[in-house]
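Peer 1: Turn this into a structure:
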Amino acid sequence: MTATTLARKPRRTRDAQESRRLLVEAAGKIFNSDGYHGTDTNRIAKAAGYTPGTFYTHFPDKKTIFLEVYQAWVDSELIDLAAGFRSKGPDRRERLARTILNHHKKWKIFRASLRALYAIDPEVRTARLAQRARQIDAMIAISVEAGREPLSRGRIYCNLLIVEAICDSIADGNLQALKIRESEMFQVLVENIGRLRTE
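Peer 2: I've put the predicted structure just below:
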């Protein structure tokens with residue numbers, strides 16, 4: 001057997017949770033390489049080592065698995081935020097900014113699909129707003145845990161929007177086209193990371 005044949009060998013399992021995890025993992029990779037509209041459920045099932053029927057055992061459609069991939073993305077980002085804010089050292093904000101920026105760079109095509117769907121699909125819009133509320137709640141919890149008075153939900157939301165816009169702009173390559181140095185925008189990112197928890 002060649003390496004290619006081995007890579008295509010189905011990874012079937014009777015464990016429903018493991019099957020679902022493998023489908024979400026495969027979907028995440030494909031959405032992040034080809035975008036939401038660049039794939040279909042059959043391709044996702046095949047990439048995970050399953051038949052289309054197995055896909056539909058776990059998900060009714062492509063949008064549902066896309067939103068599950070998005071939830072996993074937010075979960076990962078929240079873990080990074082919490083760990084970064086709990087870390088010590090004078091370069092803590094810079095490390096956290098780099099971690100968040102790298103997360104956005106790694107998932108830039110997926111995030112581009114998310115932004116496009118958010119603009120036109122009410123279900124995606126609702127899901128994205130629910131995830132945004134989770135992010136705000138997490139920032140409040142981090143502040144309380146550190147013994148700080150949390151910012152208002154509105155202030156946290158504004159700072160999250162700024163952080164996200166900077167990260168997406170850098171990840172999408174907009175700075176080069178506008179002749180803006182990434183180091184300059186990175187410093188603005190660091191400043192706004194600090195504003196997420198306290199003024």
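
Peer 1: Check which helix or strand the residue nearest the centre of the chain maps to.
Peer 2: A centroid search over the chain (C-alpha atoms, centre = their mean) returns Trp73, at 3.2 Å, as the residue closest to the centre. Applying DSSP states H and E as the criterion places Trp73 in helix 62-86.

Peer 1: Could you list the domains of the chain?
Peer 2: Split into domains by automatic domain parsing, the chain comes to 12-58, 63-195.

Peer 1: Rounded mean pLDDT for the shortest one, please.
Peer 2: When pLDDT is averaged along domain 12-58, the result is 93.

Peer 1: do the same with stretch 182-190
Peer 2: This predicted structure assigns stretch 182-190 an average pLDDT of 93.

Peer 1: Which residues does that stretch contact?
Peer 2: Here stretch 182-190 makes contact (C-beta atoms under 8 Å, 6 or more residues apart in numbering) with Arg93, Glu94, Ala97, Arg98, Ile100, Leu101, Val163, Ile166, Cys167, Ser169, Ile170, Leu175. Heads up, the C-betas are built off the backbone N, CA and C, glycines and all.

Peer 1: Between these, which sits nearest Lys63?
Peer 2: The shortest separation between Lys63 and any of the contacts of stretch 182-190 is 24.3 Å, and it belongs to Cys167 (by C-beta to C-beta).

Peer 1: Can you tell me, leaving aside adjacent residues, what's nearest to the closest one?
Peer 2: Distances taken as C-beta to C-beta, 6 or more residues apart in numbering place His104 nearest to Cys167, at 3.7 Å, with adjacent residues excluded.

Peer 1: Count residues in the vicinity of the closest residue to Asp121 other than its chain neighbours, would you?
Peer 2: Leaving out its chain neighbours, the residue that sits closest to Asp121 by C-beta to C-beta, 6+ apart is Lys63, at 7.5 Å. In terms of burial, Lys63 registers 15 neighbours under the definition other C-beta atoms under 10 Å.

Peer 1: I'd like the distance between Lys63 and Arg153.
Peer 2: In this structure, Lys63 and Arg153 are separated by 28 Å, where distance is defined by C-beta to C-beta, to the nearest Å.

Peer 1: Could you do Glu182 as well?
Peer 2: In this structure, Glu182 and Arg153 are separated by 31 Å, where distance is defined by C-beta to C-beta.

Peer 1: what about the nearest residue to Val69 once chain neighbours are set aside, which helix or strand?
Peer 2: In this structure, Val69 finds its nearest non-sequential neighbour in Gly28, 4.4 Å apart by C-beta to C-beta, 6+ apart. Of the helices and strands defined by DSSP H and E, Gly28 is found in helix 16-34.
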